[in-house]
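1. I need the structure of the sequence given here:
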Amino acid sequence: QPFWNVAGEYGWLHRGLSLLMIGCPCALVISTPITIISALTRAAREGVVFKGGLYLENLSQAKAVALDKTGTLTLGKPMVSTVKAVDCVEPTTQNCEPCDNLVALASSLERQSSHPLGEAVLAEARNRGVLTRYEPALEARSLAGRGQEGWVNGKLATIGSLPLFEEAHHDHMPAAVRQGTVAAEANGQTTMLGCDGAQVLGFLAVQDQPRQEAKAVLADLRALGLRTFMLTGDNASAAKKIAEEVGVEDVHANLLPADKLNLLDQLKEKYGNVIMVGDGINDSPALAKADVGVAMGGANNAQVPGCH
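-> Here you go, the predicted model:
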């Protein structure tokens, strides 16, 4: 007779479970926490630290993964590829004084920033020998993922994205700067515009490379049935280029930290449990909001409460 139909439906199965519960209840009770502890220990050996067993269990129920771009899917080591000041006189060399001044101003604003784009600006300023031309900006502050501002030479200077400058400097934005910025972004570069507090000086463009292992990791996630999303504050062209190279299915660009939170709410409503992976301090709210937040090793937010 079938195993499940002896002495009634599921008879032998019920009898076997009853005997197991009577004979070794402690072993059954302890089996789940022991399994979780073993998994957490194995993960720690591989360099993955879980905040608790709950998040390990949540991974098994996740249906979607949202990932930041810069420093997560990319190496997080962008390099300045273009500097174009309004009064640029030597576009093919580093002997252009207006371009050097633009880089110097940007480095003053980025001196205390730990964002990869800021580090790229500082590296370019060192290469040009203008890192100390201006003192570090006073009262420097981040503009919610859109740039930096602070007082340089007694003026409120700014470095930031094209949307920020379209909003704050629309009336005196040189057409050549806007066109150059749009063209650079169309080529997959990330741009930053600079203003010394009186006029828009020009723009810088930086380029990053995808992590070598990113494509294989994304393929593994899709094989597990997980839907993949990129949530980034970068421009759409740069985001799309990296997404195509590594295999992210859906791209959401030009996002502020609050926009990432709103998108996570939508993803959770549609897919249930959602994993968020990020590396920058701007990702901290989204990491805390997700069912499982994954802070990249060595990231600025690795110790932020709420990351798990």
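2. what are the ranges of the helices in this structure?
-> Applying DSSP state H to the chain gives helices spanning 11-23, 25-45, 53-61, 97-110, 116-128, 162-168, 175-186, 214-223, 236-246, 257-271, 284-289.
3. most packed of those?
-> Most buried of those, by mean neighbour count (mean count of other CB atoms under 10 Å): helix 97-110, with a mean of 25. (Glycine included, C-beta is placed from N, CA and C.)
4. chain center to it, what's the gap?
-> Centroid separation for helix 97-110 versus its chain: 26 Å, with CA atoms, centre = their mean, to the nearest Å.
5. Please apply the same query to stretch 135-148.
-> In terms of CA atoms, centre = their mean, the centre of stretch 135-148 is found 19 Å from the chain centre.
6. Going by neighbour count, which residues in it are buried?
-> By neighbour count on 16 or more other CB atoms under 10 Å, the buried set for stretch 135-148 is 137, 140, 142, 145, 146, 147, 148.
7. Residue 290 - nearest residue in space that isn't next to it in sequence?
-> Taking CB to CB, 6 or more residues apart in numbering as the measure, residue 290 lies nearest to residue 276, with 3.5 Å between them; neighbours along the chain are not counted.
8. Could you pull up the residues touching the closest residue to residue 162 other than its chain neighbours?
-> With CB to CB, 6+ apart as the measure, residue 181 is the residue that lies nearest to residue 162, at 5.1 Å, once sequence neighbours are left out. Neighbouring residues of residue 181 by CB atoms under 8 Å, 6 or more residues apart in numbering: 162, 191, 193, 203, 205.
9. Between the helices of the chain, which one is closest to residue 85.
-> helix 97-110 (3.7 Å; CB to CB).
10. And the residue positioned nearest the centre of the chain, what's its pLDDT?
-> Nearest to the geometric centre of the chain sits residue 68, at 2.9 Å (CA atoms, centre = their mean). pLDDT for residue 68: 92.
11. Is it correct that it is in contact with residue 279?
-> Yes: the pair residue 68 / residue 279 is scored as a contact, 6.3 Å apart, by CB atoms under 8 Å.
12. just for the stretch 201-308 of the chain, where's the confidence low?
-> Under the criterion pLDDT under 70, the flagged ranges of the stretch 201-308 of the chain are 280-281, 297-308.
13. picking that back up, present the buried residues of stretch 135-148 as CSV; the columns should include distance to residue 115 and pLDDT.
-> CSV is the format used below for the buried residues of stretch 135-148 (distance: CB to CB, whole Å; pLDDT from 0 to 100):
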residue, distance to residue 115, pLDDT
137, 15, 93
140, 12, 90
142, 8, 85
145, 9, 74
146, 12, 85
147, 10, 89
148, 9, 90
